[in-house]
Structure formats: structure tokens, C-alpha cells
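Participant: could you work out the structure for the sequence below:
(4 chains)
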Number of protein chains: 2
Amino acid sequence: MVSTQSYWQFCPVAMAAEIVCTRWTPLILRELVSGSTRFSDLHRGLPRISPTLLSKRLKQLEEAGVIRRLASPNNETVEYQLTPAGEELKTVVFDLGIWGQRWIETRSSLKNLDPSLLMWDMRRNLDPTPMPPRRYVIQIVYPELTPGRRHWWLIVEGKATDLCNVDPGFDVDLYVSTDLHTMTAIWMGVSTVEAELRSGRLQVTGDDRVRSTMQQWLGLSPFAAEKKRVPSPAVAGQPDTR
Amino acid sequence: MVSTQSYWQFCPVAMAAEIVCTRWTPLILRELVSGSTRFSDLHRGLPRISPTLLSKRLKQLEEAGVIRRLASPNNETVEYQLTPAGEELKTVVFDLGIWGQRWIETRSSLKNLDPSLLMWDMRRNLDPTPMPPRRYVIQIVYPELTPGRRHWWLIVEGKATDLCNVDPGFDVDLYVSTDLHTMTAIWMGVSTVEAELRSGRLQVTGDDRVRSTMQQWLGLSPFAAEKKRVPSPAVAGQPDTR
DNA sequence: CTGCATCCTCTTCGATACTG
DNA sequence: CAGTATCGAAGAGGATGCAG
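Facilitator: I've put the predicted structure just below:
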């Protein structure tokens, strides 16, 4: 029987698409490119993939020479690292994201909201430069959400940032309260901290210096700078700033 | 029930992958980027896709704003054209091909050979500049293949080139005889006309001026110039040039 | 907890035939 | 020419289990 996953074409686009353009693979590559190397970290950035399929895709990527599987001596941990071939896929993944940011309308981009994904992404890109040189705790609250997804803590310490979903017990330096839609819009660059503070959909209380530099330390999506080329109709339930 | 084709992620990479990275879609885009606009031409470049699926993908691409469907007034013909958003996908598709050319080993690239695909691609990229300014007929023969796939004619007239699989009845100006593997390797840039003439796997007889410029008018794959970064083991059954 | 393997269901894809 | 219709095969998702 003919393998159904091959295109049977010698064209390099077809050969590459067989490796890169299968379900979940571009997103797995995005996670790897963003620096995740552990199975569980990858899965955290891709909550809806089944572990079975993630495992299978990682094997296929290894087989294709895109990643290397590195087990620690005693087999305690496994890391997946991009090979040189994998490194060169960064361009493709990034260009794909740029295209998406430019041409996919805001309305549909802002349909698939997930606080744990958003917080996980924020943790990854947070820029601690404006923070004081000590442990700094930011609490983010989405009052609209169910209790289990309502409260989040970002614990900045040196260059590392930790993310918690349960109260870590530290004193909070900065409180942020908003709704998931607004926070996602800011993260994606279709709105700004300033505009949402004015609109009243975002409230920030605490340390004044950190408060005023939020747009900086928030470290937006890598694609946030790219402007939409499609009309962004006013999103339902989200009236414009007065 | 949750739609299974969405990733449920707001990340632009995910949104773009939902549109671009479904089965066959990168290849359909390659055909569109290469200039095909008609359903039957697209299908000719993608012989193994079912018309059902091609039709479905074209609808999805139209829905996504990547192409426009244009029916002639009397509905006799239909054309699919890239929108501005679709034009910007050229980069992504091209980069994907570049990556494939660099990182996928020759052995696997040269597994999926198909004379009609190869000839269709050659027709598309042929450069008629070195030909005399009249109808010029090139016959290509693959003696190894079954009769129905053995003989091909390229009919160059002005800037247009026609491809025939049955004898068009014209006098032939140039005869080319080779095997499919060799011709594909030349087309993909992993071998050259000169090397294969020397190896004896390629024979060309007829018009001397056109014969000597074959490497030029053949108009290789758009990716042929990109050098492989992976070792190219000597391909089985294809010994190196002495 | 990490990193999978199994089992089962549901969706998608491919092959072929057929239509206006 | 430009697609639909049909149906069996393959692939993806979900739940669960389990070893280190």
C-alpha cells in the first residue's frame, strides 16, 4: 500500500512540507524555537495535543534530522534540541507567524483565548530590566474567569521568571486586573497598555515605576510589532475607547 | 463537539498553520505561485490529490482570503488568483522549498520520480532565449519507462512552451535520451548536463548551438541553485562519474 | 512528576466513478 | 472543464495506564 503521508513529488517544497506541515508540527517547532526543550514544557505550550501525538511528532522530527534527542546519563531527563537543520527552520516558522499576524483578522485571532497559554507566553518573553534587583512578584487577576483560572503570579528573580497558578505566598508588588480578551489583545499588539488603562478595562496598582513601564516589561508576542493588513472590525463586546 | 482542525491558540503561527499547513495546501500554493490558475492545471501539477480535496482546499483558501475565485461571465472557465495576502505567502512557500533543498538528502528527494511531473515543471521553467526564433521541437525519451510515459515533446514557440505526451507530428530539432533519475537530478541541481553527458547517462543529438546551451534553456528548478547541506551518499544504482 | 504506550472512537483522506 | 458523490482506509484525538 502506498504511504498516504508522502506526496510523491521530488519538489523540495513537497519534501519539506512532508516534514514541517503535518498537524501540530509548526507549533512544536515554535515551542522549540522559543527555547523549550523538555517534553513537559513543550506540552505546556501545546495543551491540546495528546502526549501520544507529541511523542510521535518528536520521533518524526528526530528522524528527519530537525531535532536531536538527548537523554541525561542516568536517563532521568530528556532534552530535545534543534539541529542546524532545525535552526534554519526558524525563518520559516517566524515568517509563517508574521504572515498570520498581518493577514488573519483580529476577530478570529481573538477567539481562541486561554489564560494558561497566555501566561506561559508572557512568562517566556517578560523583560525584567525595569524591575528592582530583587524578587519581584506580579499578580494578574481575570475576575471573569472560573476560580481555577482566575489568579496568576509572575515571580521575577534575576533573569528568570516563574509562573504560578496557586498563591506562592509571597508579598505582591504589583496587582494587575483585567479581562482575558484585553490582556491577549495587548500581548498580540492590537491594543496597548496605555489605551486599555484609559478604557478602564485594565487596572494596575502598586509600585509606580514598574507600573509606568508595563508596556516594556510585558515583553509582547514576537509578532506584535507587525501591523495588521486586514480591516480589524470593532470586536463584539469590546467597544472602542471613548 | 470541538472542531478538530483548530489548534485553539491565539498565536499567529497557529492561526497561519491552520490555513497553510494542512495536507496538500503548501503544494497548491506552490502551483499558484508558479502561475497556474485553472483547476485542471493545478491538478496536473498535483496528480495524486483527489479532485474532491483540491476543490475543498481551494474553497478554504478562498474563505481564508488567500485566493480569489474568478468565473468568466458565461461560467465557461474559472480562474484562481492569489490575493495580496496570498502573494505574501510566496516567501513562506519559497523558504520552505529552500530549506528542503538544503536539508533533505538527495537519496530521499530522488525517490519520488514522475516523468509527467518533471516534464510539466520543465515546460514551466524552460528558457527559450537560446532557441531560434521559430517553432522549435525537442523530443525527450526515457527508454527505461513504459511506452505511455517514455516519449515527450517540448514545443517552443515564441515565449510559450507546449508539452506533449503523444507525437505532435512535427519535425524534431533536438533529441534527448536519458533516464528519469538522471534528468530529475539535473533539474534539481544535484547534477549537471555536462557531468551527465560525460557519464554517458545523457545523450543529446541535433542542433549544435541549442545542444551546447542545454544547461541554460533547461531552466532548472527554482531551488536548484541552493546547495545541499547534508551529505549526499552515492545513490544506489547511480555510480559516480569516472 | 516525566515521558511515554495502549486502546478505542471519530474525522479526514484517497481512490474511483460520475455529472452539468 | 470543473467539479460532486461515495465508501473504505488511514490518521488524529481522548482516556487511561504505567515505569522510573
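Participant: how about the residues of chain A by DNA strand C?
Facilitator: Taking Cβ under 7 Å from any atom of the strand as the contact definition, chain A meets DNA strand C at A:2, A:4, A:38-40, A:50-52, A:55, A:58, A:69, A:77-78. Any C-beta I mention is one placed from the backbone N, CA and C, and that applies to glycine too.
Participant: export the residues you listed as TSV, with columns for secondary structure.
Facilitator: Shown next, in TSV, are these (DSSP: H, G, I helix; E, B strand; the rest coil):
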residue	secondary structure
A:2	coil
A:4	coil
A:38	coil
A:39	helix
A:40	helix
A:50	coil
A:51	helix
A:52	helix
A:55	helix
A:58	helix
A:69	strand
A:77	coil
A:78	strand
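Participant: what does chain A have sitting close to DNA strand D?
Facilitator: A:1, A:3-5, A:22-24, A:48-53, A:56, A:75.
Participant: which among those are in contact with chain B?
Facilitator: Residues of the residues of chain A next to DNA strand D in contact with chain B (Cβ under 8 Å from any Cβ of the partner chain): A:22-24, A:48.
Participant: can you redo those as a markdown table with pLDDT?
Facilitator: Below are these laid out as a markdown table (pLDDT from 0 to 100):
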| residue | pLDDT |
| --- | --- |
| A:22 | 92 |
| A:23 | 90 |
| A:24 | 93 |
| A:48 | 84 |
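Participant: and these, which of them are buried?
Facilitator: A:22-24, A:48 (16 or more other Cβ atoms under 10 Å in any protein chain shown).
Participant: name the nearest of these relative to chain B.
Facilitator: Nearest to chain B among those, counting by Cβ to the nearest Cβ, is residue A:48 at 5.6 Å.
Participant: residue contacts, that closest one?
Facilitator: B:7-8 (Cβ atoms under 8 Å, 6 or more residues apart in numbering or on different chains).
Participant: relative to helix B:89-103, how tilted is the helix or strand encompassing residue A:99?
Facilitator: Per DSSP states H and E: residue A:99 is located in helix A:89-103. With axes from the mean of the first three to the mean of the last three Cα atoms, to 10 degrees defining the directions, helix A:89-103 sits at 170 degrees from helix B:89-103.
Participant: pLDDT on helix A:89-103, on average?
Facilitator: Here helix A:89-103 scores 96 as its mean pLDDT.
Participant: which other helices and strands contact the worst-scoring helix or strand of chain A on mean pLDDT?
Facilitator: The weakest-scoring helix or strand in chain A, judged by mean pLDDT, DSSP states H and E, is helix A:106-109 (a mean of 84). Judged by 3 or more Cβ pairs under 8 Å, 6 or more residues apart in numbering or on different chains; DSSP states H and E, the packing partners of helix A:106-109 are helix B:12-20.
Participant: the helix it packs on versus helix A:89-103: what angle between them?
Facilitator: Inter-element angle recorded for helix B:12-20 and helix A:89-103: 80 degrees (by the same axes, to 10 degrees).
Participant: and helix B:12-20, what does it pack against?
Facilitator: Using 3+ Cβ pairs under 8 Å, 6+ apart, helix B:12-20 sits against helix A:25-33, helix A:89-103, helix A:106-109, helix B:25-33.
Participant: what about 7 Å?
Facilitator: Counting contacts by 3 or more Cβ pairs under 7 Å, 6 or more residues apart in numbering or on different chains; DSSP states H and E, helix B:12-20 packs against helix A:25-33, helix A:89-103.
Participant: so where do the strands sit in chain A?
Facilitator: Assigned by DSSP state E, the strands in chain A fall at A:67-71, A:78-82, A:136-141, A:151-157, A:160-164, A:174-178, A:202-206.
Participant: in TSV, list the ones you listed along with mean neighbour count.
Facilitator: Below are the strands of chain A laid out as TSV (neighbours: other Cβ atoms under 10 Å in any protein chain shown):
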stretch	mean neighbour count
strand A:67-71	14
strand A:78-82	16
strand A:136-141	20
strand A:151-157	19
strand A:160-164	16
strand A:174-178	19
strand A:202-206	16
